[in-house]
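>>> Structure for this input, please:
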Amino acid sequence: MPKTKRKHIRGTKLPYGPHGGVQLLLIHNVDHLGKQGEVVEVRPGYARNYLLPQGLATIATDHHRRMVEKHKAKLLEIERARLATLQSKADNLSQESITIEANATDEGHLYGSVGAPEIVAALKAKEIEITQDQVRLTGPLKEVGLYTVKIAFGQGVEANLKVWVVPLTGGDEEAAS
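Presented below is the predicted three-dimensional model:
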C-alpha cells in the first residue's frame, strides 16, 4: 500500500508508526499485545476490525495518553489504600494467637490432625474472617504444641499466626476410668 493512500476510520486518519503499522493506545490489557496505557503498533486490519470496534484501544493522541495516565494514577492510589488495609489486617492478626483442642494420646500425638478448616473456625470464634485458601500450611498439624502458621492476604502481605494445639480436656478421662 503506498504511503500516500491511508485508510480512514469514521473520518479519522490512523497514525502510522515507524514500522508501517498503526499506532494505538491500549485502553484494556490485550493478551499477547500489551497492557493498558501502552502505545503499540499493529497491522491496520487488526486495528480497524478488532481493537477499535471492541473498544480495546484508541488512537494514540496526547489527550488520550493524559486520560490513561490519570486513570492509572487513580487505580494506583486505590491499590495503595487496599494494600495499607491488608497490611493493617496482617499486623493485627500477627498479634493474635488461637488455641485448638484436639483428641491426643498421652505422648502428644493427635488422633486426627488440625488443618485449615479448624484454624478458620477458631479465628471465626474470635470474629476474625479469613478463608481456608489464605491459610498456608506445610502439612497438617499432627502433634500437640505451638505452631506458627502463615496467613496470606495477597499482594505479598502475610501474617504469622501462633496456633496452640492442646489435648482435649473434659469428661473423656473420667469416662475411661
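>>> does Pro135 really touch Ala122, like I thought?
Not Pro; residue 135 is Val. No. Val135 lies out of contact with Ala122 (C-beta atoms under 8 Å); the separation is 10.8 Å. C-betas here are computed from N, CA, C, even on glycine.
>>> buried set for the longest helix along the chain?
Using DSSP state H to define each element, the chain has its longest helix at helix 62-94. By 16 or more other C-beta atoms under 10 Å, the buried positions in helix 62-94 come out as His64, Val68, Leu86, Lys89, Ala90, Leu93.
>>> Now the next helix or strand after it - C-alpha only, CSV.
Next along the chain after helix 62-94, taking DSSP states H and E as the criterion, comes strand 97-102. Listed next in CSV are the C-alpha coordinates belonging to strand 97-102 (Å, rounded to 0.1, in the frame of the first residue of the first chain):
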residue,chain,number,x,y,z
SER,A,97,-2.9,-16.5,69.0
ILE,A,98,-5.5,-19.2,68.9
THR,A,99,-5.9,-22.4,70.9
ILE,A,100,-7.3,-25.5,69.2
GLU,A,101,-8.3,-28.5,71.3
ALA,A,102,-7.9,-32.0,69.7
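>>> Mind giving me the packing neighbours of the helix or strand that comes right after strand 97-102?
For strand 97-102, the following helix or strand on the C-terminal side (DSSP H and E) is strand 109-114. Packed against strand 109-114 by the contact rule (3 or more C-beta pairs under 8 Å, 6 or more residues apart in numbering; DSSP states H and E) you find strand 97-102, strand 141-143, strand 157-167.
>>> Against which helices or strands is the following helix or strand past the second one packed?
Spelled out, it's strand 141-143. Sequence-wise, the next helix or strand downstream of strand 141-143 (DSSP H and E) is strand 145-154. Judged by 3+ C-beta pairs under 8 Å, 6+ apart, strand 145-154 is in contact with helix 62-94, strand 135-136, strand 157-167.
>>> Just send these back as TSV, with mean pLDDT too.
Compiled in TSV, those are given as follows (pLDDT from 0 to 100):
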stretch	mean pLDDT
helix 62-94	88
strand 135-136	93
strand 157-167	93
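>>> Out of those, the one nearest Thr105 is which?
strand 157-167 (8.5 Å; C-beta to C-beta).
>>> per-domain residue ranges of this protein.
What automatic domain parsing lists as the domains of the chain is 8-60, 90-176.
>>> Residues contacting stretch 83-93, please?
The contact list for stretch 83-93 (C-beta atoms under 8 Å, 6 or more residues apart in numbering) reads Ile128, Ile130, Ile151, Phe153, Gly154, Gln155, Val157, Glu158, Ala159, Leu161.
>>> residue contacts, the third one?
Contacts for Ile151 were tallied using C-beta under 8 Å, 6+ apart; they are Ala90, Leu93, Ile130, Gln134, Val135, Arg136, Glu158, Ala159, Asn160, Leu161.
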